[in-house]
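Visitor: Got a predicted structure plus its sequence, pasted below:
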Amino acid sequence: MIFGLFRRQPHKQLIDKLHGDIVAAARQIALYRDYGVADTLDGRFELLALHAGLLLRRLNAMPAPGPDVAQGLSNEVFANLDAGLRETGVSDIGVPKKMKKLAESFLGRNAAYERAFAAGEDALVAALARNVFAGGAGDAARLARYVEATIARLDALTPAALEAGEPPFAVSEDIA
């Protein structure tokens, strides 16, 4: 366990930058104001999971070191979720239970989105309505167009472009 403290993280700067991109994308005001995502812990988690999942999907499809960066980024996302729980006062005993639930939710959401990508736009709209909007009010069709624009943007990015700092996500205000 202690030896993990001395392990080199060759892509740490890129991972930190990409994590910042995920957080910034999930906090785009238009997603809450114009798309109708609830500005709650659940709504914020849904957008964080969505953006992280989209970026992890692309990184895992890239040649090396894409999958290694994806693993490091996944670790970073969950380390920050853990820290956030602790900051909100969740006890040391309660953190593992909550983290397990968050991890299951994250993996479940992204598996549902992956199935929806294969099934088409209507399936994506339904998956977003069910997960991000919890079946309530919100513009799931517009969010689906944003997701599709983000996927197109991510697919066009080369590993060099990502390392150079190209923004990986679409701008939510640009989607009608």
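Guide: Happy to help now that I have it.

Visitor: element containing residue 162?
Guide: helix 159-163 (DSSP states H and E).

Visitor: tell me what that helix is packed against?
Guide: helix 12-26 (3 or more CB pairs under 8 Å, 6 or more residues apart in numbering; DSSP states H and E). Any C-beta I mention is one placed from the backbone N, CA and C, and that applies to glycine too.

Visitor: hmm, 10 Å instead?
Guide: For helix 159-163, the packing partners by 3 or more CB pairs under 10 Å, 6 or more residues apart in numbering; DSSP states H and E come out as helix 12-26, helix 41-61, helix 66-87.

Visitor: Could you list the alpha-carbon positions for the last one in PDB?
Guide: Read it as helix 66-87. Extracted C-alpha coordinates of helix 66-87, given in PDB (Å, rounded to 0.1, in the frame of the first residue of the first chain):
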ATOM      1  CA  GLY A  66      -5.300   6.400 -24.200                       C
ATOM      2  CA  PRO A  67      -6.500   3.500 -22.000                       C
ATOM      3  CA  ASP A  68      -3.800   4.300 -19.400                       C
ATOM      4  CA  VAL A  69      -5.000   7.900 -19.300                       C
ATOM      5  CA  ALA A  70      -8.600   6.700 -19.100                       C
ATOM      6  CA  GLN A  71      -7.700   4.500 -16.000                       C
ATOM      7  CA  GLY A  72      -5.900   7.400 -14.300                       C
ATOM      8  CA  LEU A  73      -8.800   9.800 -15.100                       C
ATOM      9  CA  SER A  74     -11.300   7.300 -13.700                       C
ATOM     10  CA  ASN A  75      -9.300   7.000 -10.600                       C
ATOM     11  CA  GLU A  76      -9.100  10.800 -10.300                       C
ATOM     12  CA  VAL A  77     -12.900  11.200 -10.800                       C
ATOM     13  CA  PHE A  78     -13.600   8.700  -8.000                       C
ATOM     14  CA  ALA A  79     -10.900  10.100  -5.700                       C
ATOM     15  CA  ASN A  80     -12.600  13.500  -6.000                       C
ATOM     16  CA  LEU A  81     -16.100  12.000  -5.400                       C
ATOM     17  CA  ASP A  82     -14.600  10.400  -2.300                       C
ATOM     18  CA  ALA A  83     -13.100  13.700  -1.100                       C
ATOM     19  CA  GLY A  84     -16.400  15.500  -1.800                       C
ATOM     20  CA  LEU A  85     -18.300  13.000   0.400                       C
ATOM     21  CA  ARG A  86     -15.900  13.500   3.200                       C
ATOM     22  CA  GLU A  87     -16.100  17.300   2.900                       C
END
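
Visitor: Check which element follows it along the chain.
Guide: Moving toward the C-terminus from helix 66-87, the next element (DSSP H and E) is helix 94-119.
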